[in-house]
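**Student:** Give me coordinates for this.
(chains A, B, C and D)
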2 protein chains.
Amino acid sequence: MPEHLTLQFIKFLRGRGYLITRQRRKIAETVFSTPGHFSVEDIHDLLQRKKVSASKPSIYRTLNVLIKSGLVVQYRIGRRFNRFIIVRHDQHYDHLICTKCGRMMEFKNGTIEEQWSQVAKDHEFVITNPRLEIFGFCKKCRVKWPSVNQPAISLGHP
Amino acid sequence: MPEHLTLQFIKFLRGRGYLITRQRRKIAETVFSTPGHFSVEDIHDLLQRKKVSASKPSIYRTLNVLIKSGLVVQYRIGRRFNRFIIVRHDQHYDHLICTKCGRMMEFKNGTIEEQWSQVAKDHEFVITNPRLEIFGFCKKCRVKWPSVNQPAISLGHP
DNA sequence: TTGTGTGCAAACGATTTGCAGTACC
DNA sequence: GGTACTGCAAATCGTTTGCACACAA
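**Tutor:** Predicted coordinates for the structure are as follows:
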């Protein structure tokens, strides 16, 4: 399954005239074998643990290409909470994302999807990645943040 | 209306033991008389044009307090696209947000709201900022950016 | 008077870039 | 062989912080 996605990426590279380098292959393999979400730092650490060299700039550059390929999506939760996740083409899920601990929970809701498509159509708007993210505090983190009206984010986020 | 919000902010400051300084008042006045979304840079420029001194650190610090007060919400679209908007307490709207030009369009959809409340309830999740944001490309920008993949839809996005 | 807020300059940290060397095709 | 990619170091840029001074209460 991870190999499948790596191959899809290689195919994308080939199709767009990108070179298929050792680093790109290794970075993609690492990304696609990571469950859940990951950061640039995560990938860098995982590669080092595997004794594979790939510099941070290369990881950034490759992640950009991965995003262009549509296989990976980027999320920003607060200032220092930059995460990436793998897009699943077979069936996509929507997410509840905790802005405190970064936990993601999946769900699916057809009614919402129908509604948002209609709204976008009405406004001649192109939704780039049809995926719903609901930000807030998960079960574990809500205890510490009792005031529900507190906005999801603050300058100088925890 | 802007004065009304500034007063509400002053009241908040007083209630929480914050000092009511010239800068905080001026920054709040500027923020609340800005239609649509704005950046730290915008506020800084507007104040300079009015010959009012307020340093950037002060603007950042005051925006933090404004966010704490719940009168302003922060959005991040990409790395260098940090925007703030005023929360309207009377009636809230959802937004279509263009990730290219930053344009925001308002809409309202009761069905979606009912659905997401239910989803959150099912997962014991606290939505911090009940507001739906759909990211994508607006009418003007869709031509130039036909296939870029970005996180698209969020509820209470940071 | 007392302590919080301000402004400056410097620090910070994630991300980006210039450039010389490397490696893919 | 030629061009795109890598890695290093340095630059970037928005944001934060330390500190001396100013000012609201």
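**Student:** And the pLDDT for residue A:142?
**Tutor:** The model reports residue A:142 with a pLDDT of 58.
**Student:** Same question for residue A:25.
**Tutor:** 97.
**Student:** count of neighbours near residue A:110?
**Tutor:** 8 (other C-beta atoms under 10 Å in any protein chain shown). Bear in mind the C-beta positions are built from the backbone N, C-alpha and C, glycine included.
**Student:** any idea how far it lies from residue A:47?
**Tutor:** 39 Å (C-beta to C-beta, to the nearest Å).
**Student:** try residue A:116
**Tutor:** 38 Å.
**Student:** And the two? Which one has more around it.
**Tutor:** More crowded of residue A:116 and residue A:47, by other C-beta under 10 Å: residue A:116, with 23 against 20.
**Student:** So that one, which state does it fall into?
**Tutor:** helix (DSSP: H, G, I helix; E, B strand; the rest coil).
**Student:** all helices for chain A, in order.
**Tutor:** Residue ranges of the helices in chain A, as given by DSSP state H, are A:2-16, A:22-32, A:40-49, A:56-69, A:110-122.
**Student:** what does stretch A:48-64 rub up against?
**Tutor:** Defining contact as C-beta atoms under 8 Å, 6 or more residues apart in numbering or on different chains, one finds that stretch A:48-64 is touched by A:23-24, A:26-28, A:30-31, A:40, A:43-44, A:47, A:72, A:74, A:84.
**Student:** out of the residues you listed, which touch chain B?
**Tutor:** residue A:74 (C-beta under 8 Å from any C-beta of the partner chain).
**Student:** among the contacts of stretch A:48-64, which ones are buried?
**Tutor:** The neighbour count (16 or more other C-beta atoms under 10 Å in any protein chain shown) marks A:23-24, A:26-28, A:30-31, A:43-44, A:47, A:72, A:74, A:84 as buried among the contacts of stretch A:48-64.
**Student:** and which of these is nearest to DNA strand C?
**Tutor:** residue A:23 (7.7 Å; C-beta to the nearest atom of the strand).
**Student:** give me the low-pLDDT residue ranges for chain A?
**Tutor:** A:1-2, A:36, A:75-93, A:95, A:97-104, A:128-133, A:135-137, A:140-158 (pLDDT under 70).
**Student:** what's the domain layout of it?
**Tutor:** A:1-90, A:92-150 (automatic domain parsing).
**Student:** Check whether the first one comes near DNA strand D.
**Tutor:** Going back to what we said before, that points to domain A:1-90. Yes: using C-beta under 7 Å from any atom of the strand, domain A:1-90 reaches DNA strand D at A:17-19, A:21, A:23-24, A:53-55, A:57-58, A:61-62, A:79.
**Student:** Format the buried ones among the contacts of stretch A:48-64 as CSV; extra columns: distance to residue A:10.
**Tutor:** Written out in CSV, the entries for the buried ones among the contacts of stretch A:48-64 read as follows (distance: C-beta to C-beta, whole Å):
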residue, distance to residue A:10
A:23, 13
A:24, 8
A:26, 12
A:27, 12
A:28, 8
A:30, 14
A:31, 13
A:43, 18
A:44, 21
A:47, 18
A:72, 14
A:74, 21
A:84, 19
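**Student:** Do I have it right that residue A:24 meets residue A:65?
**Tutor:** Yes: Residue A:24 is in contact with residue A:65 according to C-beta atoms under 8 Å; the separation is 7.4 Å.
**Student:** Now do the shared contacts for these two.
**Tutor:** A:13, A:18.
**Student:** Brilliant, that's me finished.
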